[in-house]
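K.L.:
Need the 3D shape of this:
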Amino acid sequence: MNKQLLLSEFLTTPWALMPERLQAMSGILTRWSAGEPPSDETLFQVNTDRVLRDTRKQMAAASTGTGIAVLPLYGVVTQRGNMVDDISGPGSTSTQQFTSVLRQMLADDTVGQILIDIDSPGGSVYGVSELASEIVKARAQKPVIAVANSLAASAAYWIGCSAGEFYVTPGGEVGSIGVWQAHFDYSKALEEEGVKPTLISAGKFKVEGNPYVPLDKQAQAFMQSRVDDYYNAFIEAVAQGRGVSASEVRSGMGEGRVLGADAALAAGMVDGIATFDDVLAKMQASVRSTKPRSQSRLKQARDALALI
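P.N.:
Numbering: from 1, shown residues only. The predicted model follows:
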């Protein structure tokens, strides 16, 4: 039962994530909570996805050059790296770690442009608004472009919209604008096991929404208000990034659905359809058309030290 309660805690977090991806992750957790090992098929898929993810990161690093920094944003978005890496094949991207790398690229005089390579179904809402704000601020220092390669859903779409330009690959998808969370009522299951929890608390609503009792209307209304607050912040961020009104985002950008490249472009959700290589080539062309940047004093000093 303790493992089941951990699963409940995991799912009650507000998520800006494709529901089917969270359902797959919760399926693995459910087996784990029941003491059942993951199937060989699941382990094979997780390991295969992990190898593919690592290979893509290496390719992204190899693409960095001519003053362009490629920052990968793959897998489930979380505020910090955690157990998601163990239950989601594509792994996770920490918003805190991503912000740290972004700041390093802004401080590096040899980097003139930043390309965010996105392949993510979204994730936890925690830390997403802060990262999006960091990217918006970064655009005042250096051009920041994002590409959905091949998926930028929910929280990942929120982040992508903060870039100065946002593209999707021809076979890619974007959207899933929305927020959700779940509540699990284990009161009957506990009763059948002969367990009757007693919560000792201080604060009128301190234990509101706990999994030991059915969810009452007041608690459900509060949970809905939290989801609405995050959703409104999501809508406002997309509206600002896409240069449209909030009402246009609510009614004209899939209403929670994921859209393919052509439909997304028609709805104004992206600036264009292009492969990762096409976007990178466009950025490289813009570098060649400008005067080469001189080396930073820090890099000159490092090069000098390397000769000693």
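K.L.:
How far off centre is the lengthiest helix in the chain?
P.N.:
Taking DSSP state H as the criterion, the chain has its longest helix at helix 217-242. Here helix 217-242 is found 17 Å from its chain centre; the criterion is CA atoms, centre = their mean, to the nearest Å.
K.L.:
what's it packed up against?
P.N.:
Identification of packing neighbours for helix 217-242 by 3 or more CB pairs under 8 Å, 6 or more residues apart in numbering; DSSP states H and E yields helix 128-138, helix 155-160, helix 246-252. (Each C-beta comes from the backbone N, C-alpha and C, glycine too.)
K.L.:
just the strands in the stretch 1-150 of the chain please.
P.N.:
Listed in chain order, the strands of the stretch 1-150 of the chain (DSSP state E, counting those that start in this stretch) span 15-17, 68-74, 76-78, 92-94, 113-120, 122-124, 144-153.
K.L.:
What average pLDDT does the longest helix of the chain get?
P.N.:
For helix 217-242, mean pLDDT is 96.
K.L.:
can you pull the contacts of A16?
P.N.:
If a contact means CB atoms under 8 Å, 6 or more residues apart in numbering, then A16 has 77, 122-125, 128, 154-155, 158, 176, 178-179, 230, 234 as its contacts.
K.L.:
hmm, back to that, sort out which residues of the longest helix of the chain are buried, please.
P.N.:
For helix 217-242, the neighbour count (16 or more other CB atoms under 10 Å) marks 219, 223, 227, 230-231, 233-235, 237-239, 241-242 as buried.
K.L.:
what angle do it and strand 144-153 make?
P.N.:
Interaxial angle of helix 217-242 relative to strand 144-153 (axes from the mean of the first three to the mean of the last three CA atoms, to 10 degrees): 140 degrees.
K.L.:
any idea which of the buried residues of helix 217-242 is the one closest to I200?
P.N.:
The closest of those to I200 turns out to be A219 (CB to CB; 18.5 Å).
K.L.:
for the closest one, what are its contacts?
P.N.:
205, 208-209.
K.L.:
For the protein, which element, helix or strand, carries the lowest mean pLDDT?
P.N.:
Every helix and strand in the chain was compared by mean pLDDT, DSSP states H and E; the lowest is helix 84-87, with a mean of 46.
K.L.:
tell me the pLDDT at G75?
P.N.:
The model reports G75 with a pLDDT of 89.
K.L.:
Let me have the contacts of A16 in a markdown table, extended by distance to F276.
P.N.:
Converted to a markdown table, the contacts of A16 look like this (distance: CB to CB, whole Å):
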| residue | distance to F276 |
| --- | --- |
| V77 | 19 |
| G122 | 20 |
| G123 | 21 |
| S124 | 26 |
| V125 | 27 |
| V128 | 23 |
| S154 | 21 |
| A155 | 20 |
| W158 | 20 |
| S176 | 21 |
| G178 | 27 |
| V179 | 28 |
| Y230 | 30 |
| F234 | 25 |
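K.L.:
Neighbour-wise, give me the winner out of those residues.
P.N.:
Most neighbours among those, by other CB atoms under 10 Å: A155, with 34 neighbours.
K.L.:
Would you confirm that that residue contacts V128?
P.N.:
Yes. If you go by CB atoms under 8 Å, A155 and V128 touch, sitting 4.7 Å apart.
K.L.:
Overlap in contacts, these two.
P.N.:
Contact criterion CB under 8 Å, 6+ apart; residues shared by A155 and V128: 16, 77.
K.L.:
How far away from the center of its chain is stretch 102-118?
P.N.:
Relative to its chain's centre, stretch 102-118 lies at 19 Å (CA atoms, centre = their mean).
K.L.:
Repeat that for stretch 125-136.
P.N.:
Offset of stretch 125-136 from its chain centre (CA atoms, centre = their mean): 10 Å.
K.L.:
repeat for stretch 137-146
P.N.:
Between the centre of stretch 137-146 and the centre of its chain there are 18 Å (CA atoms, centre = their mean).
K.L.:
Nothing else from me, thank you.
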